[in-house]
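Undergrad: curious how this folds, go ahead:
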Amino acid sequence: MARRCVRCNINIVDDAVKCPLCNGVLETIGDEEEETSGVDQMSRSLTYPDVTISTRLMQYIIRGVIFAAIVAEVIVLLVNYLTFNGVYWSLIVGAGLLYGIITLLYSVRKRKSMQRIIQVQLLLAIALVIILDVLLDYKGWSFGYAIPIALMAVDVGMVVLMIVGIDDWQTYIMTEITVFVLSAILIILHMTKLVHTSFFALIAFLVTGLVLLGTILLGQNMISNEIKRRFHI
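TA: Numbering: from 1, shown residues only. Coordinates of the predicted model:
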């Protein structure tokens, strides 16, 4: 009996226990299903998709993300040094970046939804830095530096993912909207004097706004259809 990976939608004709593409569990195909498929064993063996290019591309992306994280941490260390107020918050941000990279590597290996993981991790990271800031007698570094830098880093990451086209690039519009809304909330909190931010908050708002506007202008109908699909309009 042949085996089939439902996730990758391919038939496996050898004795593999796991899917060679995603390491997922295989389902056994019965004789009747094999006969109705209309393909013989040789043709099924040709149903493996060529993943060489996409795999190599993903490796480049991961290296790029790691490089961007290192650059971001260097900038954060410099800002922390120049504005030092008794708290080494840059080390906390560095730990968050490291955790994000580990999560990315896990999501790629397990073929999880990268966009959903990025959104969840971003929200968790924001909550974490705010809690840590409060526990450390609240110096304001969370709203002033850590959160704006994180928002810009995520937005730049979305641009890279859309350029290389890992999935349908228009689907990343939801993460861009989320990041822009969060950056706008930062500005509103600053204007209402509920929190004190820095010029990084304004830069994050401008960057995320321009990226979102550019995506909408370039995508047009594709973006419109994606938004309608997401919100069931």
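Undergrad: show me the shaky parts of this protein.
TA: Flagging of the chain using pLDDT under 70 yields the residue ranges 1-2, 7, 13-17, 22-24, 29-55, 57, 107-114, 164-170, 226-233.
Undergrad: scan it for its longest helix.
TA: Longest helix in the chain, counting residues (DSSP state H): helix 52-82.
Undergrad: tell me what the helix or strand containing residue 161 is packed against?
TA: In the assignment (DSSP states H and E), residue 161 maps to helix 147-164. Secondary-structure packing of helix 147-164 (3 or more Cβ pairs under 8 Å, 6 or more residues apart in numbering; DSSP states H and E): helix 52-82, helix 89-110, helix 114-135, helix 173-191, helix 199-219. Backbone N, C-alpha and C define where each C-beta goes, glycine included.
Undergrad: so what's the residue count around residue 176?
TA: Neighbours of residue 176 under the rule other Cβ atoms under 10 Å: 23.
Undergrad: could you tell me how many residues sit around the residue nearest to residue 150 when sequence neighbours are not counted?
TA: Leaving aside its sequence neighbours, residue 150 sits nearest to residue 125 (Cβ to Cβ, 6 or more residues apart in numbering; 6.0 Å). Number of residues near residue 125 (other Cβ under 10 Å) recorded here: 20.
Undergrad: and if you look at the one 3 residues further on?
TA: Look at residue 128: counted by other Cβ under 10 Å, it has 17 neighbours.
Undergrad: could I get the contacting residues of it?
TA: residue 96 (Cβ atoms under 8 Å, 6 or more residues apart in numbering).
Undergrad: rerun that using 10 Å as the cut-off
TA: The neighbours of residue 128, taking Cβ atoms under 10 Å, 6 or more residues apart in numbering as the test, are 92, 95-96, 99, 121, 142, 146.
Undergrad: what is the longest helix of the chain packed up against?
TA: The contact analysis (3 or more Cβ pairs under 10 Å, 6 or more residues apart in numbering; DSSP states H and E) places helix 52-82 against helix 89-110, helix 141, helix 147-164.
Undergrad: which helices and strands does the shortest one pack with?
TA: So that's helix 141. In terms of contacts (3+ Cβ pairs under 10 Å, 6+ apart), helix 141 is packed against helix 52-82, helix 89-110, helix 114-135.
Undergrad: what residues of the last one count as buried?
TA: Using 16 or more other Cβ atoms under 10 Å as the test for burial, helix 114-135 gives 114-115, 117-119, 121-122, 125-126, 128-130, 132-133.
Undergrad: any idea of the angle that helix forms with helix 89-110?
TA: Between helix 114-135 and helix 89-110, the angle comes out at 160 degrees (axes from the mean of the first three to the mean of the last three Cα atoms, to 10 degrees).
Undergrad: need the contact partners of whichever helix or strand comes after helix 114-135.
TA: Next helix or strand after helix 114-135 toward the C-terminus (DSSP H and E): helix 141. Helix 141 is contacted from outside by 76, 79-80, 83, 85, 87-90, 92-93, 129, 132-133, 147, 198, using Cβ under 10 Å, 6+ apart.
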